[in-house]
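> what's the 3D shape of this:
(2 chains)
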Amino acid sequence: MLLLRGIAKSFGGLQVLENITLDIPDRGIFGLIGPNGAGKTTLFNLISGMFVPSRGTIEFDGNRLDGMAPHKITRQGVARTFQNIRIFREMSLIDNVLVALTDTAQHSIARLLLPRHQGRTEAFENVSAMELLTRVGLADKARRMAGTLSYGEQRRLEIARALATQPKLLLLDEPAAGMNPPEKQLLMEEIIKLENSGLSLVIIEHDMRFIMGLCRQIAVLNFGRLIALGAPEEIRANRAVVEAYLGTDD
Amino acid sequence: MEWFSSFWATYSTLTLSLGTNVLLALSIYLTLSCGLLSVANAAFMALGAYSAAVLTLRAEVPLWIGVCAGAILAGVTALLIGRPTLRLSGVYLAMATLAFGEVVRIVILNAEQLTGGALGLNGIPQSTAWYDVALAVGLTLYVFLRLAHSHVGRTMAAIAQDETATELMGIDIRAYKLFAFVVGAGVAALAGALNAHFTFFISPNEYGFDRGVEILAMGVLGGTGSPWGAVIGAVLITLLPELLRGLGDYRPLLNGIVLIVVILYSPKGVWDLFAASRRRTKTVLAEPDSRTLTR
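Below is the predicted model:
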């Protein structure tokens, strides 16, 4: 479904990613791990179009994503969340979701200028937005300002907002960071529900219990290179991975 | 009606200026509300004023044709320069639009045949009536209020808060920015064209840096949270010098002080003071909110 072929990215003289080739399958949860600075988020930035790869191609459902404008990539069905949460803090929760949900085709100029028509479209969208907020357990706070939410809640709001774009592939960048154990447990259950609904997910995460419990396949990056790829038990036993995280003993 | 005619005899220019200043504040409100610091509005005002005045003076067309022509010319110009310049953000966009303003001023200065150059255009028919200005302000305010309460307003607020995140929600942020820039230019030109037809005389220096800053001050002072903020900003900036007439040469000084005080104590403008107090009463009354689905 998502095919990365020989991806490289450098910023000036700094080589951040080197020759990454990965197939991310049509369904299921794919893990992306590695020490800090390995290039995981850069890979997400390349897939979502924030950066253009220096070399290599990215293909999604048969369409080339590299070089495509970010908003068009989102419309192809690729949504993401951010490591450093990027919700609209000075908007209500429901407005956060509505920004991503609004189907511009439903809003003509006439509807814009005639309050009654606009009201009808909005009411319909509000229902969908509330459904999404219910899904991440934030419906009771729909009218609050997003900036007043706790860290974990903000991450959940970001997921709701990403889902509003109706993605086929969802990229989650450290979704469990800053969450307490019960919140993590809830998030895992929600992610499994998303998988069951036919979505495919790629998750960057440092919490090993979280990632090993969820993913069918895990890729490990270190210093911009792909050093391992396999099922959780293979990764756990892989010497190169252990060395990347803990170093070698001489 | 006697009091009205005596009032009008003294304050007609002030009242009409108030109207066109509201239009100018609304024009910059639109770009500010999607996070664009564009200061080209004085130049677009000049384009509107000059093209309308040249048409009514030389071709003797009715006012409304001149006004429409001015707004369209400014809109098309904005469309052309918007595509490249709106890639810039923050202070770089301000510099680019400032430069555009200088280009417009210098072109008007040198196109003497058409514009009268530095001497300006004299004897423009004083055909702007109070209802022309009222209609223009009313219509623009209505459309802007509708926009602000629609998905367009919401999307623009999102762009102002986090451009990248908005783009990654599948939104063509360049289209929204261009829309704000072009419509803002059209409204500024509308104000310029109407203004030229009650001041009798226009010259290039009216549309320079000072005017650009004044328009920006109206937008910032009032606040970008709502079109009403722009209205408040325009009213304050227009009326302050009149109310402070007794201060003579110190008036600009006090203008500056008022602006600094507002920016320090209510950085989102005067409008935010109203909005904040309304938010407080609302949360007290409506928490928990059971009517979340009917807005």
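> only C-alpha atoms for contact and neighbour calcs from this point on.
OK.
> tell me what the helix or strand that contains B:Gly75 is packed against?
Secondary structure from DSSP states H and E places B:Gly75 in helix B:63-85. Counting contacts by 3 or more CA pairs under 8 Å, 6 or more residues apart in numbering or on different chains; DSSP states H and E, helix B:63-85 is packed against helix B:41-54, helix B:90-110, helix B:173-199.
> Go through the longest one and flag the buried ones.
In this case it means helix B:173-199. Across helix B:173-199, burial judged by 16 or more other CA atoms under 10 Å in any protein chain shown covers B:173-174, B:176-199.
> So what angle separates the directions of the helix or strand B:Leu23 falls within and helix B:41-54?
Assessed by DSSP H and E, B:Leu23 sits inside helix B:2-33. Here helix B:2-33 points in a direction 130 degrees away from that of helix B:41-54 (axes from the mean of the first three to the mean of the last three CA atoms, to 10 degrees).
> Can you name the residue of chain A nearest to chain B?
A:His71 (3.9 Å; CA to the nearest CA).
> Quick one: neighbours of that residue, just the number.
23 (other CA atoms under 10 Å in any protein chain shown).
> What's the first helix or strand after the helix or strand harbouring it?
Element membership of A:His71 [criterion: DSSP H and E] is helix A:70-75. Sequence-wise, the next helix or strand downstream of helix A:70-75 (DSSP H and E) is strand A:78-80.
> wait, does that next one make contact with chain B?
Yes. Under the criterion of CA under 8 Å from any CA of the partner chain, chain B is reached by strand A:78-80 at A:79-80.
> which outside residues touch the following helix or strand past that strand?
Using DSSP H and E, the helix or strand that follows strand A:78-80 in sequence is helix A:93-101. For helix A:93-101, contacts defined as CA atoms under 8 Å, 6 or more residues apart in numbering or on different chains pick out A:87-88, A:125-126, A:129-130, A:132-133, A:141-146, A:157, A:160-162, A:164-165, B:151, B:154-155, B:158, B:166, B:169-171.
> With stretch B:25-34 instead?
Applying CA under 8 Å, 6+ apart, the external contacts of stretch B:25-34 come out as B:37-39, B:41, B:141, B:156-160, B:177, B:180-181, B:183-188, B:215-216, B:218-219, B:223-225, B:227, B:230-231, B:233-234.
> at 7 Å instead, please
B:37-38, B:41, B:156-157, B:159-160, B:177, B:180-181, B:184-185, B:187-188, B:215-216, B:218-219, B:224, B:227, B:230-231, B:234 (CA atoms under 7 Å, 6 or more residues apart in numbering or on different chains).
> Going along the chain, name the helices of chain A.
A:40-47, A:70-75, A:93-101, A:109-113, A:115-135, A:151-164, A:181-196, A:208-214, A:232-237, A:239-246 (DSSP state H).
> before we move on, the earlier item: just give me how far the helix holding B:Gly75 sits from the chain centre.
Chain-centre distance of helix B:63-85: 14 Å, with CA atoms, centre = their mean, to the nearest Å.
> Can you check what angle separates that helix from helix B:90-110?
130 degrees.
> Nearest the middle, which residue of chain A would you pick?
A:Leu171 (2.3 Å; CA atoms, centre = their mean).
> how much space between that one and A:Arg55?
21 Å (CA to CA, to the nearest Å).
> sorry, back to before: and chain A, which of the helices and strands packed on helix B:63-85 is closest to it?
Short answer: helix B:173-199, nearest of the helices and strands packed on helix B:63-85 by CA to the nearest CA, at 8.2 Å.
> which helices and strands does the closest one pack with?
Helix B:173-199 is packed against helix B:2-33, helix B:41-54, helix B:63-85, with contacts defined by 3 or more CA pairs under 7 Å, 6 or more residues apart in numbering or on different chains; DSSP states H and E.
> chain center to it, what's the gap?
7 Å.
> averaged over its residues, what pLDDT does it have?
Summarised as a single mean, pLDDT over helix B:173-199 is 95.
> hang on, the earlier thing: least confident of the helices of chain A, on average?
Among those, helix A:109-113 scores lowest, at a mean of 65.
> interface residues of the stretch 1-150 of chain B facing chain A?
Counting by CA under 7 Å from any CA of the partner chain, the residues of the stretch 1-150 of chain B close to chain A are B:143, B:146, B:150.
> mind checking the SS state of the second one?
Okay, so that is B:Arg146. Using DSSP: H, G, I helix; E, B strand; the rest coil, the secondary structure recorded for B:Arg146 is helix.
> Now do the same for it: its pLDDT.
91.
> what's the answer for B:Gly90, then?
In this prediction B:Gly90 is given a pLDDT of 85.
> pretty sure it contacts B:Gly35?
No. Using CA atoms under 7 Å, B:Gly90 makes no contact with B:Gly35, being 8.1 Å away.
> higher neighbour count, the two?
Applying other CA under 10 Å to B:Gly90 and B:Gly35 shows that B:Gly35 carries more neighbours, namely 21 against 11.
> Chain neighbours aside, what residue packs nearest to the more buried one?
B:Ala160 (4.1 Å; CA to CA, 6 or more residues apart in numbering or on different chains).
> element containing the one you found, please.
helix B:151-161.
> The very next helix or strand once past that helix and chain A, are they touching?
Sequence order places helix B:163-167 as the next helix or strand after helix B:151-161, per DSSP H and E. Yes. Using CA under 7 Å from any CA, helix B:163-167 reaches chain A at B:165, B:167.
> So which residues make contact with helix B:163-167?
Under CA under 7 Å, 6+ apart, the answer for helix B:163-167 is A:70-71, A:86, B:158-159, B:173.
> go with 10 Å
A:50, A:69-74, A:80-82, A:85-88, A:96, A:99-100, B:34-35, B:155-160, B:171-174 (CA atoms under 10 Å, 6 or more residues apart in numbering or on different chains).
> Narrow the residues of the stretch 1-150 of chain B next to chain A to those that are buried.
B:146, B:150.
> With distance to B:Ile108 added, can I get the residues of the stretch 1-150 of chain B next to chain A in CSV?
Formatted as CSV, the residues of the stretch 1-150 of chain B next to chain A follow (distance: CA to CA, whole Å):
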residue, distance to B:Ile108
B:Val143, 31
B:Arg146, 36
B:Ser150, 38
